[in-house]
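Asks: 3D, please:
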Amino acid sequence: MRILVVEDDRTIASGLDYSLQQDQFLTVLCYDATSAKKVVEDQIGEIDLCLFDLALPDGSGYDLCRLVKAKKDIPVIFLTANDDEVNVVMGLDMGADDYIAKPFRIRELLSRIKTVLRRYHKQPQTTAVIEIQQIKVNTNEGKVYKNGEEVLLTALEYRLLLIFANHLGQVLTRNQLLERIWDVAGDFVNDNTLTVYIKRLREKLEDDPQKPTLIKTVRGLGYKVGD
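Replies: Numbering: from 1, shown residues only. The predicted model follows:
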(Lines give C-alpha, C1' and ligand atoms only; values in the text may rest on other atoms or scores of the structure.)
Protein backbone atom coordinates (compact mmCIF):
# COMPACT_ATOMS: atom_id res chain seq x y z
CA MET A 1 0.00 0.00 0.00
CA ARG A 2 1.40 3.39 -1.04
CA ILE A 3 0.25 6.61 0.64
CA LEU A 4 0.78 10.13 -0.68
CA VAL A 5 1.48 12.41 2.30
CA VAL A 6 1.30 16.17 1.72
CA GLU A 7 2.22 18.23 4.79
CA ASP A 8 4.20 21.49 4.86
CA ASP A 9 5.31 21.14 8.48
CA ARG A 10 8.46 19.06 8.01
CA THR A 11 8.54 17.80 11.59
CA ILE A 12 4.98 16.46 11.33
CA ALA A 13 5.66 15.14 7.82
CA SER A 14 8.76 13.22 8.87
CA GLY A 15 6.96 11.76 11.88
CA LEU A 16 4.08 10.62 9.69
CA ASP A 17 6.48 9.22 7.12
CA TYR A 18 8.28 7.10 9.70
CA SER A 19 5.12 5.93 11.52
CA LEU A 20 3.44 4.84 8.28
CA GLN A 21 6.53 2.93 7.21
CA GLN A 22 6.68 1.25 10.61
CA ASP A 23 3.13 0.03 9.91
CA GLN A 24 4.33 -1.45 6.60
CA PHE A 25 2.98 1.28 4.32
CA LEU A 26 5.05 2.77 1.51
CA THR A 27 5.05 6.56 1.38
CA VAL A 28 5.50 9.40 -1.08
CA LEU A 29 6.20 12.62 0.84
CA CYS A 30 5.55 16.16 -0.43
CA TYR A 31 5.78 19.49 1.37
CA ASP A 32 3.72 21.67 -0.97
CA ALA A 33 0.87 21.54 -3.48
CA THR A 34 3.13 21.98 -6.52
CA SER A 35 5.19 18.85 -5.91
CA ALA A 36 2.06 16.94 -4.87
CA LYS A 37 0.32 17.79 -8.14
CA LYS A 38 3.29 16.45 -10.07
CA VAL A 39 3.10 13.18 -8.11
CA VAL A 40 -0.63 12.95 -8.81
CA GLU A 41 -0.06 13.56 -12.51
CA ASP A 42 2.84 11.10 -12.83
CA GLN A 43 2.23 8.43 -10.19
CA ILE A 44 -1.49 8.34 -9.36
CA GLY A 45 -1.70 4.76 -10.61
CA GLU A 46 0.66 3.67 -7.83
CA ILE A 47 -1.09 5.59 -5.00
CA ASP A 48 -3.68 3.84 -2.79
CA LEU A 49 -4.57 6.62 -0.34
CA CYS A 50 -3.88 10.34 0.09
CA LEU A 51 -3.23 12.21 3.32
CA PHE A 52 -3.54 15.95 2.69
CA ASP A 53 -2.90 18.93 4.93
CA LEU A 54 -5.58 21.51 4.13
CA ALA A 55 -3.44 24.64 4.50
CA LEU A 56 -0.43 24.53 2.18
CA PRO A 57 1.91 27.40 1.28
CA ASP A 58 0.97 27.31 -2.41
CA GLY A 59 -2.54 25.86 -2.43
CA SER A 60 -4.93 23.75 -0.42
CA GLY A 61 -5.81 20.14 0.26
CA TYR A 62 -9.19 20.83 -1.29
CA ASP A 63 -7.59 21.49 -4.69
CA LEU A 64 -5.51 18.33 -4.42
CA CYS A 65 -8.57 16.30 -3.44
CA ARG A 66 -10.45 17.48 -6.54
CA LEU A 67 -7.48 16.61 -8.74
CA VAL A 68 -7.11 13.12 -7.25
CA LYS A 69 -10.81 12.27 -7.33
CA ALA A 70 -10.99 13.32 -11.00
CA LYS A 71 -8.26 10.84 -11.86
CA LYS A 72 -8.78 7.84 -9.58
CA ASP A 73 -11.24 6.53 -7.01
CA ILE A 74 -8.97 6.32 -3.99
CA PRO A 75 -9.54 7.50 -0.41
CA VAL A 76 -8.50 10.97 0.76
CA ILE A 77 -8.07 11.96 4.41
CA PHE A 78 -7.61 15.61 5.40
CA LEU A 79 -5.29 16.85 8.16
CA THR A 80 -6.02 20.31 9.50
CA ALA A 81 -5.75 22.59 12.48
CA ASN A 82 -9.30 23.73 11.78
CA ASP A 83 -11.89 21.29 13.09
CA ASP A 84 -14.93 23.53 12.71
CA GLU A 85 -18.07 22.16 11.08
CA VAL A 86 -17.78 24.25 7.91
CA ASN A 87 -14.40 22.80 6.98
CA VAL A 88 -15.53 19.27 7.81
CA VAL A 89 -18.65 19.51 5.65
CA MET A 90 -16.80 21.18 2.76
CA GLY A 91 -14.16 18.46 2.71
CA LEU A 92 -16.64 15.60 2.89
CA ASP A 93 -18.90 17.18 0.26
CA MET A 94 -16.08 17.24 -2.28
CA GLY A 95 -15.37 13.53 -1.77
CA ALA A 96 -12.95 13.32 1.16
CA ASP A 97 -13.32 10.09 3.11
CA ASP A 98 -12.28 11.29 6.54
CA TYR A 99 -11.01 14.31 8.41
CA ILE A 100 -8.76 14.52 11.48
CA ALA A 101 -7.80 17.65 13.41
CA LYS A 102 -4.31 18.43 14.67
CA PRO A 103 -2.87 17.59 17.10
CA PHE A 104 -3.78 13.93 16.67
CA ARG A 105 -2.58 10.61 18.03
CA ILE A 106 -0.73 8.62 15.40
CA ARG A 107 -2.50 5.40 16.41
CA GLU A 108 -5.85 7.06 15.86
CA LEU A 109 -4.76 8.21 12.41
CA LEU A 110 -3.49 4.73 11.50
CA SER A 111 -6.78 3.24 12.66
CA ARG A 112 -8.74 5.65 10.48
CA ILE A 113 -6.51 4.90 7.48
CA LYS A 114 -7.13 1.17 7.85
CA THR A 115 -10.87 1.71 8.32
CA VAL A 116 -11.06 3.78 5.14
CA LEU A 117 -9.00 1.21 3.22
CA ARG A 118 -11.31 -1.57 4.39
CA ARG A 119 -14.24 0.39 2.98
CA TYR A 120 -12.39 0.44 -0.33
CA HIS A 121 -11.70 -3.30 0.01
CA LYS A 122 -7.98 -2.65 0.10
CA GLN A 123 -6.76 -4.01 3.41
CA PRO A 124 -2.99 -3.41 3.60
CA GLN A 125 -0.83 -6.49 3.58
CA THR A 126 1.71 -6.65 6.38
CA THR A 127 5.05 -8.30 6.00
CA ALA A 128 6.29 -9.69 9.31
CA VAL A 129 9.69 -10.71 7.93
CA ILE A 130 11.90 -8.57 5.67
CA GLU A 131 14.75 -10.42 3.97
CA ILE A 132 17.85 -8.62 2.65
CA GLN A 133 20.56 -10.98 1.46
CA GLN A 134 21.53 -13.08 4.50
CA ILE A 135 19.67 -10.76 6.89
CA LYS A 136 16.12 -11.32 8.17
CA VAL A 137 14.24 -8.64 10.09
CA ASN A 138 11.22 -9.90 12.04
CA THR A 139 9.23 -6.71 12.59
CA ASN A 140 6.66 -8.41 14.81
CA GLU A 141 9.35 -9.53 17.24
CA GLY A 142 11.70 -6.61 16.68
CA LYS A 143 14.56 -9.06 16.09
CA VAL A 144 17.28 -9.30 13.44
CA TYR A 145 18.95 -12.50 12.24
CA LYS A 146 22.05 -13.12 10.15
CA ASN A 147 22.29 -16.59 8.61
CA GLY A 148 19.77 -17.78 11.18
CA GLU A 149 21.68 -16.38 14.16
CA GLU A 150 20.14 -13.51 16.12
CA VAL A 151 22.09 -10.25 15.96
CA LEU A 152 21.67 -7.90 18.91
CA LEU A 153 21.16 -4.30 17.84
CA THR A 154 20.67 -1.18 19.91
CA ALA A 155 17.34 0.63 19.53
CA LEU A 156 18.83 3.25 17.23
CA GLU A 157 20.71 0.67 15.16
CA TYR A 158 17.46 -1.25 14.70
CA ARG A 159 15.58 1.90 13.70
CA LEU A 160 18.28 2.79 11.20
CA LEU A 161 18.11 -0.71 9.69
CA LEU A 162 14.31 -0.44 9.41
CA ILE A 163 14.66 2.86 7.56
CA PHE A 164 16.93 1.15 5.03
CA ALA A 165 14.61 -1.90 4.86
CA ASN A 166 11.62 0.30 4.10
CA HIS A 167 13.53 1.96 1.23
CA LEU A 168 15.10 -1.04 -0.48
CA GLY A 169 16.87 -0.09 -3.68
CA GLN A 170 16.58 3.64 -2.95
CA VAL A 171 19.52 5.95 -2.30
CA LEU A 172 19.05 7.78 1.01
CA THR A 173 21.11 10.89 1.64
CA ARG A 174 22.72 11.53 5.00
CA ASN A 175 20.27 14.39 5.59
CA GLN A 176 17.29 12.11 4.93
CA LEU A 177 18.63 9.57 7.42
CA LEU A 178 19.35 12.26 10.02
CA GLU A 179 15.82 13.69 9.70
CA ARG A 180 14.21 10.29 10.23
CA ILE A 181 16.44 9.31 13.15
CA TRP A 182 15.91 12.69 14.83
CA ASP A 183 12.14 12.38 14.68
CA VAL A 184 12.07 8.85 16.00
CA ALA A 185 14.71 8.96 18.70
CA GLY A 186 13.81 12.40 20.00
CA ASP A 187 17.51 13.06 20.64
CA PHE A 188 20.01 15.04 18.63
CA VAL A 189 21.88 12.86 16.17
CA ASN A 190 24.66 14.62 14.28
CA ASP A 191 26.52 13.63 11.15
CA ASN A 192 29.40 12.02 13.04
CA THR A 193 26.99 9.94 15.14
CA LEU A 194 25.30 8.69 11.97
CA THR A 195 28.69 7.60 10.63
CA VAL A 196 29.32 5.64 13.83
CA TYR A 197 25.96 3.85 13.68
CA ILE A 198 26.38 2.89 10.03
CA LYS A 199 29.85 1.55 10.90
CA ARG A 200 28.38 -0.48 13.77
CA LEU A 201 25.62 -1.89 11.57
CA ARG A 202 28.18 -2.96 8.99
CA GLU A 203 30.32 -4.60 11.66
CA LYS A 204 27.33 -6.60 12.89
CA LEU A 205 25.68 -7.46 9.57
CA GLU A 206 28.30 -7.49 6.81
CA ASP A 207 30.54 -10.49 6.09
CA ASP A 208 33.37 -8.04 5.38
CA PRO A 209 32.63 -4.60 6.89
CA GLN A 210 35.53 -3.13 4.89
CA LYS A 211 33.84 -4.20 1.66
CA PRO A 212 30.12 -3.81 2.40
CA THR A 213 27.60 -5.46 0.11
CA LEU A 214 24.52 -4.85 2.28
CA ILE A 215 24.75 -1.16 3.21
CA LYS A 216 26.43 0.30 0.15
CA THR A 217 27.93 3.76 -0.08
CA VAL A 218 26.84 5.66 -3.19
CA ARG A 219 29.59 8.22 -3.55
CA GLY A 220 28.42 11.80 -3.46
CA LEU A 221 24.83 10.75 -2.77
CA GLY A 222 24.36 8.60 0.32
CA TYR A 223 23.62 4.96 1.09
CA LYS A 224 21.60 2.18 -0.49
CA VAL A 225 20.42 -1.22 0.71
CA GLY A 226 19.25 -3.73 -1.90
CA ASP A 227 19.12 -3.37 -5.66
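
Asks: going forward, measure contacts between C-alpha atoms and count neighbours the same way
Replies: Fine.

Asks: residue ranges of the helices in this protein, please?
Replies: Taking DSSP state H as the test, the helices found in the chain are 10-22, 33-43, 61-71, 85-93, 106-119, 155-165, 174-185, 191-205.

Asks: Outline the domain layout of this structure.
Replies: Listed domain ranges for the chain are 2-119, 129-225 (source: automatic domain parsing).

Asks: can you list these in a markdown table and add mean pLDDT and mean neighbour count?
Replies: Formatted as a markdown table, the domains of the chain follow (pLDDT from 0 to 100; neighbours: other Cα atoms under 10 Å):
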| stretch | mean pLDDT | mean neighbour count |
| --- | --- | --- |
| domain 2-119 | 87 | 17 |
| domain 129-225 | 85 | 15 |
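
Asks: Wait, C65 touches V76, no?
Replies: Yes: using Cα atoms under 8 Å, C65 makes contact with V76 at a distance of 6.8 Å.

Asks: any residues in contact with both of the two?
Replies: Shared contacts of C65 and V76, defined by Cα atoms under 8 Å, 6 or more residues apart in numbering, comprise F52, G95, A96.

Asks: For L161, which residues are in contact?
Replies: L161 is in contact with L201, counting by Cα under 8 Å, 6+ apart.

Asks: Hmm, I typed the wrong one, I wanted E157.
Replies: Counting by Cα under 8 Å, 6+ apart, E157 touches Y197, I198, R200, L201.

Asks: So the third one versus I181, what's the distance?
Replies: By that I understand R200. Separation of R200 from I181 (Cα to Cα, to the nearest Å) stands at 15 Å.

Asks: try the last one
Replies: Using Cα to Cα, we find L201 at a distance of 15 Å from I181.

Asks: same deal with P75?
Replies: Look at P75 and I181: by Cα to Cα, they are 29 Å apart.

Asks: one step back: with the shared contacts of C65 and V76 in mind, which one is nearest to E7?
Replies: E7 has its nearest neighbour among these in F52, at 6.5 Å by Cα to Cα.

Asks: quick one: the closest one and L79 touch, right?
Replies: Yes: shown here, F52 and L79 form a contact pair, counting by Cα under 8 Å, at 5.8 Å.
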